[in-house]
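Fold the following and give me the result.
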Amino acid sequence: EVQVVESGGGLVQAGGSLRLSCSTSGFTTNDYHIGWFRQAPGKAREGVSCISRNDNRTSYADYVKGRFTISYNNAENTVTLQMNSLKFEDTAVYYCAAGPWCGVYYWGGMKYWGKGTLVTVSS
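Residues are numbered from 1 along each chain as shown. Next comes the predicted model:
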């Protein structure tokens, strides 16, 4: 059974940084993708960033490009989302997901989802 678990959310001031981690278990191969998505109160879910576990190719939504970095930590078998220069509008529940493919604007390939971690950016 595949499991996805996020960690690292919290409260940070605007302009600050926060690091989220996503651990996965249950995959039998490296042929899958990991994505970060978020949902702010009263708003629709939106994509943030994706990484391919196979070749580490990454993609970012325009509204986080240059501020967020996704990477795979081989030693810990986790995917990290480093968030810098945080803005009030980054406040949301952040979800990690895994599946056969990932797109920051369409996440139909994300099959397994974590329960989310709350990121609150104070202005």
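
quick one: which helix or strand includes the residue nearest the centre of the chain?
Closest residue to the average C-alpha location of the chain: Trp36 at 2.3 Å, with Cα atoms, centre = their mean. According to DSSP states H and E, Trp36 maps onto strand 33-39.

tell me the average confidence for that strand?
What strand 33-39 shows for mean pLDDT is 97.

Let's see the helix or strand following that strand as PDB, backbone CA atoms only.
Later in the chain than strand 33-39, the nearest helix or strand by DSSP H and E is strand 46-52. The C-alpha atoms that make up strand 46-52 are tabulated as PDB, following Å, rounded to 0.1, in the frame of the first residue of the first chain:
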ATOM      1  CA  GLU A  46      -3.800  24.700  -7.400                       C
ATOM      2  CA  GLY A  47      -0.500  23.100  -8.400                       C
ATOM      3  CA  VAL A  48       2.800  24.200  -7.000                       C
ATOM      4  CA  SER A  49       5.600  22.000  -8.200                       C
ATOM      5  CA  CYS A  50       6.400  18.500  -9.500                       C
ATOM      6  CA  ILE A  51       9.500  16.300  -9.600                       C
ATOM      7  CA  SER A  52      10.100  13.000 -11.400                       C
END
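
So which other helices or strands are in contact with strand 46-52?
Packed against strand 46-52 by the contact rule (3 or more Cβ pairs under 8 Å, 6 or more residues apart in numbering; DSSP states H and E) you find strand 33-39, strand 58-60, strand 68-73, strand 78-83. Where C-beta positions appear, they are placed from N, C-alpha and C, glycine not excepted.
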